[in-house]
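> structure, please.
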Amino acid sequence: MKIPRLKLGDAIEVIWLDSHFRAEPGWTTEGDIDDGQGVTIRSVCIYIGKDKDYLHTVADRSEDMSGVMRDLKIPVGCIKSIRKLK
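Numbers count the residues shown, from 1 in each chain. Presented below is the predicted three-dimensional model:
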């Protein structure tokens, strides 16, 4: 997906496909691995940049000092949609 034009600090909603693993440990058959259930994530976050592989976001950004918290790098190839929030 093509990333829309965003500015540093824009609030965005990103819909993306996350990785998935079976919760039960131990051996299983290959047929049991693909249950057809993907994991779609909806993240509301602050845009801080991008590169060819990742969209860089944070959940918290200080208005009073230089600093961010709860960073999240979302793989560009996993993004289904991005919407700029008002």
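
> who's in contact with residue 85?
Neighbour list for residue 85: 10-13, 44 [criterion: CB atoms under 8 Å, 6 or more residues apart in numbering]. Placement of C-beta: from N, CA and C, glycine included.

> by neighbours, which of those wins?
Tallying neighbours with other CB atoms under 10 Å puts residue 12 at the head of those, with 18 neighbours.

> that's a strand at it, yeah?
Yes. If the criterion is DSSP: H, G, I helix; E, B strand; the rest coil, then residue 12 is within a strand.

> so which residue is dead centre in this structure?
residue 74 (3.6 Å; CA atoms, centre = their mean).

> pull the contacting residues for the residue lying closest to that residue once chain neighbours are set aside.
Distances taken as CB to CB, 6 or more residues apart in numbering put residue 55 closest to residue 74, at 4.6 Å, once the chain neighbours are dropped. Taking CB under 8 Å, 6+ apart, we find residue 55 in contact with 3, 14, 47, 73-74, 76, 79, 82.
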